[in-house]
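Q: Based on what follows, work out the 3D shape:
(one chain, ligands or ions: 2)
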Amino acid sequence: MKHSAPRYFALIPAAGIGARMASGSPKQYLPIGAKPMLRHTLDAFLSSGLIAHTYVVVSARDEYIDAIVPPGAATVLRCGGASRMESVRNALRALEGELHEHDWVLVHDAARPGLNAALIDKLIATVGDDPVGGLLALPVVDTVKRSGANATSVSTVARDGLWLAQTPQMFRYKLLCDALAAATDASVITDDASAVEALGLSPKLVEGHPRNLKVTLPADIRIAEMYLAAP
Ligand SMILES: Nc1ccn([C@@H]2O[C@H](COP(=O)(O)OP(=O)(O)OP(=O)(O)O)[C@@H](O)[C@H]2O)c(=O)n1
Ligand SMILES: C[C@](O)(CO)[C@H](O)COP(=O)(O)O
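A: Ligands and ions are numbered 1, 2, ... in the order given. Next up, the predicted model:
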């Protein structure tokens, strides 16, 4: 049976409040160099020749997004939820009928503006037609401690086989819908891959890059600026 060419769609959860950033506006709209953080993230997908279309999930009351997304560059879904998991799940439901079950969905944090077309293309090429999917991640290079009371180190966690998950995390539309539909606890399902793992499946780990850090704390802004200033 002739298989049609795979289609790849980006889904950017951008409905958070950035509490840990403690800034006056949601962190995804803070400037990183000359552009707002979310615009850097969006531009990464627009610069990849492999992405058919990009969707951005924001809260229903978002008052910033319309000034960020150029007309026609992406589709804004005003269905953000109380957690990242719910925002992604709401968006997937909103796309029912628009995406086919075998379409690939690359879910990527708005808060990771250092993504570039090379990393997107590497993830897509490495995952290929894997029956599950995959995600960018970084192998742990530091010694990992388990803390006890009063910020003391009570043990060292063996780091071999430990990776720090990044995004995009890419799965076929139906699998991702089914995984998130089965997910119950947003405090446990903090990324899309964990919902897929809960089905007993093992997504591919594809080495990402430190430039693809999640901008979470105030000090992360400068780091992101340094990566985004370099060609
Ligand atoms: N209800 C939520 C919470 C988070 N996100 C998005 O998920 C990504 C990763 O989440 P995180 O870095 O935790 O962002 P915030 O939740 O905004 O940060 P904080 O936890 O500090 O409030 C971000 O792009 C964020 O906008 C979302 O779409 N909907
Ligand atoms: C999805 C993620 O970026 C993978 O590391 C991470 O789980 C997001 O966590 P957050 O607490 O929503 O920032």
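
Q: in the protein, which spans are strands?
A: 8-13, 31-32, 35-36, 51-57, 75-77, 104-107, 133-139, 144-147, 153-157, 163-172, 204-207 (DSSP state E).

Q: Does ligand 1 have contacts with the fifth one?
A: No: residues of strand 75-77 contacting ligand 1 under CB under 6 Å from any ligand atom: none, with a closest distance of 10.3 Å. Using the backbone N, CA and C atoms, a C-beta is placed for each residue, glycine as well.

Q: so what does that strand touch, helix or strand wise?
A: The contact analysis (3 or more CB pairs under 8 Å, 6 or more residues apart in numbering; DSSP states H and E) places strand 75-77 against strand 51-57, helix 84-94.

Q: among those, which is nearest ligand 2?
A: helix 84-94 (4.4 Å; CB to the nearest ligand atom).

Q: returning to that earlier point: nearest to ligand 2, out of the strands of the chain?
A: Using CB to the nearest ligand atom, the strands of the chain put strand 163-172 closest to ligand 2, at 3.9 Å.

Q: for that closest one, what is the average pLDDT?
A: The pLDDT scores in strand 163-172 average 98.

Q: Okay, now the unreliable bits of the protein?
A: 1-3, 230-231 (pLDDT under 70).

Q: on that earlier part again, quick one, which of the helices and strands packed on strand 75-77 is nearest to ligand 1?
A: Of all the helices and strands packed on strand 75-77, it is helix 84-94 that lies closest to ligand 1, at 3.6 Å by CB to the nearest ligand atom.

Q: what's the angle from that closest one to strand 163-172?
A: Helix 84-94 and strand 163-172 are oriented at 10 degrees to each other (axes from the mean of the first three to the mean of the last three CA atoms, to 10 degrees).

Q: Identify the residues contacting helix 84-94?
A: Contact partners of helix 84-94, identified using CB atoms under 8 Å, 6 or more residues apart in numbering, comprise 11, 13, 15-16, 55, 57, 77, 79-81, 105, 107, 109, 173, 176-177, 180-181, 183, 186, 189-192, 195.

Q: thinking again about what came up before, can the strands of the chain go into JSON lines with extra columns for mean neighbour count and distance to ligand 2?
A: Below are these laid out as JSON lines (neighbours: other CB atoms under 10 Å; distance: least, CB to the nearest ligand atom, whole Å):
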{"stretch": "strand 8-13", "mean neighbour count": "26", "distance to ligand 2": "8"}
{"stretch": "strand 31-32", "mean neighbour count": "18", "distance to ligand 2": "17"}
{"stretch": "strand 35-36", "mean neighbour count": "18", "distance to ligand 2": "18"}
{"stretch": "strand 51-57", "mean neighbour count": "22", "distance to ligand 2": "13"}
{"stretch": "strand 75-77", "mean neighbour count": "18", "distance to ligand 2": "18"}
{"stretch": "strand 104-107", "mean neighbour count": "26", "distance to ligand 2": "8"}
{"stretch": "strand 133-139", "mean neighbour count": "21", "distance to ligand 2": "8"}
{"stretch": "strand 144-147", "mean neighbour count": "11", "distance to ligand 2": "15"}
{"stretch": "strand 153-157", "mean neighbour count": "10", "distance to ligand 2": "17"}
{"stretch": "strand 163-172", "mean neighbour count": "24", "distance to ligand 2": "4"}
{"stretch": "strand 204-207", "mean neighbour count": "17", "distance to ligand 2": "12"}
